[in-house]
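# How does the following fold in three dimensions:
(one chain, ligands or ions: 1)
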Amino acid sequence: MSRDAGELVQQLVREDIRRAPAYHVQDSRGLVRLDQMESPYGWTPELREALFARIAAVEINRYPDPRACATQRQIREAFGIPGRWSLMLGNGSDELIQILMMAIAAPGGSVLAPGPTFVMFRNIAGWLGLPYHEVPLDPGFELDLAAMSSAIDTHRPRLVFLACPNNPTGNLFDKTSLEGVLEAARDAVVVVDEAYWAFSSRDHLDWLDRYPNLLIMRTLSKLGLAGIRLGFLIGHPAWIDQLDKLRLPYNIGVLHQAAAEVALQHFDVLRGQTRQITAERARLATRLAADARLHLWPGEANFLLVRVLNGRARDVHAGMIRRGVLVKCLDGGHSRVAGCLRLGVGTVAENALMLEALDGALAECSG
Ligand SMILES: Cc1ncc(COP(=O)(O)O)c(C=O)c1O
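As a prediction, this is how the structure comes out:
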């Protein structure tokens, strides 16, 4: 007698996968959506028109350019990436993280990152059976250089991730500590993840000349293009040539290549939007810093991290949802961000609604 699907799953799917929770994205229908660090700005009418014209000309019956050469050229131009570095495009940075980990996934290979940080580093390492070593950030969310150096010495990781600015803490690590980690990790490949590059006061592209073990990862997701899923890795051709062998052919579809090209032809529009977000972040920070019910950390990304000082972050989060605004509640996740909310920066109008909802929810939860 044939066994049912449930029995076969029990027998065949890895136990750690069966036990793992599915990636959960909270339903945001009907709410002001400020929980996923997206840009609040969609296509402008000018961009929409250019996109429709471009999409109409796409050869939908053909496989895409496997290396997305035209898209690569435009990324180079928009981001000022020198010709001596190679590029690899991924279906979001997430795919690039997976490729990097596949490349080092052999006995003895492990991954190291400070924590808390972007959850996909740990998740993908787990799926690939790679040991993951987390080194706690210090209480101010800075890199603990002594602890990082000692963990690197002990575990000898092949891959180190440093998100700069970091998610969910939002800060940009101190430059000297970052350099210290790169020195300590000379025998590993170090990926500086600059997903929030557009909102940050410092980037590390020219560090590629100083560190042969460094790769820089960026994404179009935070520039108003989260829907097309396009991340890219920048580095020495010797690295990219090897990693590119692990990329699935045709990983960036024709529609996504076309949409990225149209958007990048109007990069000044996207940069204008990110500058607006950065200005709004400063305005929000002033308001939040003046609220005695909250502790605010300095942020260099398109979100701000606050701690709800009365310990009722979950109630405040629920109260904000009741008032129509969705932010991210970090309470119950990493212990370093217990009691914290991650507040995405939206449009001027969305931010006003967010502040109002936060104020109302805090007032409801006092006493
Ligand atoms: C630090 C960091 N890296 C990478 C990503 C993922 O980017 P992508 O949308 O390109 O997969 C995120 C998304 O939130 C992030 O916070």
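
# Spit out the contact partners of the single nearest residue of the stretch 251-367 of the chain relative to the ligand.
Per Cβ to the nearest ligand atom, Ala301 is where the stretch 251-367 of the chain lies closest to the ligand, at 7.9 Å. (Each C-beta comes from the backbone N, C-alpha and C, glycine too.) Contact analysis of Ala301 by Cβ atoms under 8 Å, 6 or more residues apart in numbering lists 37, 165, 167, 170, 196, 199-200, 222.

# Which residue, neighbours along the chain excluded, lies closest to the residue nearest the centre of the chain?
Taking Cα atoms, centre = their mean, the centroid of the chain lies closest to Ala195, which sits 5.0 Å from it. The spatially closest residue to Ala195, leaving aside those adjacent along the chain, is Thr219, at 5.0 Å (Cβ to Cβ, 6 or more residues apart in numbering).

# sorry, back to before: you'd agree the residue of the stretch 251-367 of the chain closest to the ligand is in a helix?
No - going by DSSP: H, G, I helix; E, B strand; the rest coil, the assignment for Ala301 is coil, not a helix.

# Return the backbone torsion pair for it.
The phi and psi values for Ala301, taken as degrees, to the nearest 10, are phi -120, psi -160.

# per-residue confidence for it?
Per-residue pLDDT puts Ala301 at 98.

# okay, now the closest residue in space to it that isn't next to it in sequence: neighbour count?
Counting by Cβ to Cβ, 6+ apart, Tyr196 is the residue found nearest to Ala301 once chain neighbours are left out, at 3.7 Å. By other Cβ atoms under 10 Å, 24 other residues sit near Tyr196.

# was I right about Tyr196 contacting Pro168?
No - counting by Cβ atoms under 8 Å, Tyr196 stays clear of Pro168, with 11.2 Å between them.

# about what we covered before: from the contacts of Ala301, pick the one nearest the ligand.
When those are compared for distance to the ligand (Cβ to the nearest ligand atom), Asn167 comes out closest, at 3.4 Å.

# re the thing from before, for the ligand, tell me which of the contacts of Ala301 show up nearby.
37, 167 (Cβ under 6 Å from any ligand atom).

# Just the buried ones from the contacts of Ala301, in ChimeraX syntax?
Here is the ChimeraX command that selects only those of the contacts of Ala301 that count as buried (16 or more other Cβ atoms under 10 Å):
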select :37,165,167,170,196,199,200,222
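
# Tell me who's in contact with the residue nearest to Ala301.
37, 165, 167, 170, 222, 300-302.

# Equivalent analysis for Met37, please.
Contacts of Met37 (Cβ under 8 Å, 6+ apart): 167, 196, 222, 301-303, 342, 344.

# try it again with 7 Å
Contact partners of Met37, counting by Cβ atoms under 7 Å, 6 or more residues apart in numbering, are 222, 302-303, 344.

# which stretches of the stretch 1-150 of the chain form helices?
Secondary structure of the stretch 1-150 of the chain, counting by DSSP state H, counting those that start in this stretch: helices at 5-12, 15-19, 45-56, 69-79, 92-104, 119-127, 145-155.

# Tabulate those helices in a markdown table, adding columns for mean pLDDT.
Below are the helices of the stretch 1-150 of the chain laid out as a markdown table (pLDDT from 0 to 100):
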| stretch | mean pLDDT |
| --- | --- |
| helix 5-12 | 95 |
| helix 15-19 | 93 |
| helix 45-56 | 94 |
| helix 69-79 | 97 |
| helix 92-104 | 97 |
| helix 119-127 | 96 |
| helix 145-155 | 98 |
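
# which one of these lies closest to the ligand?
Per Cβ to the nearest ligand atom, nearest to the ligand of those: helix 92-104, 2.9 Å.

# Now the closest one - C-alpha only, CSV.
Only the C-alpha atoms of helix 92-104 are listed here, as CSV (Å, rounded to 0.1, in the frame of the first residue of the first chain):
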residue,chain,number,x,y,z
GLY,A,92,17.8,39.7,-4.2
SER,A,93,20.8,39.8,-1.9
ASP,A,94,19.3,36.7,-0.3
GLU,A,95,20.3,34.6,-3.3
LEU,A,96,23.8,36.0,-3.2
ILE,A,97,24.1,35.0,0.5
GLN,A,98,23.0,31.5,-0.4
ILE,A,99,25.6,31.3,-3.2
LEU,A,100,28.4,32.6,-1.0
MET,A,101,27.5,29.9,1.6
MET,A,102,27.3,27.1,-1.0
ALA,A,103,30.8,28.1,-2.1
ILE,A,104,32.3,27.5,1.3
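
# still on that earlier bit, quick one: the residue nearest to Ala301 from Lys245, how far?
Using Cβ to Cβ, to the nearest Å, one gets 29 Å for the distance from Tyr196 to Lys245.

# Are any of the contacts of Met37 buried, and if so which?
222, 302-303, 344.

# and those as JSON lines, adding distance to Gly140?
Converted to JSON lines, the buried ones among the contacts of Met37 look like this (distance: Cβ to Cβ, whole Å):
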{"residue": "Lys222", "distance to Gly140": "24"}
{"residue": "Asn302", "distance to Gly140": "21"}
{"residue": "Phe303", "distance to Gly140": "18"}
{"residue": "Gly344", "distance to Gly140": "22"}
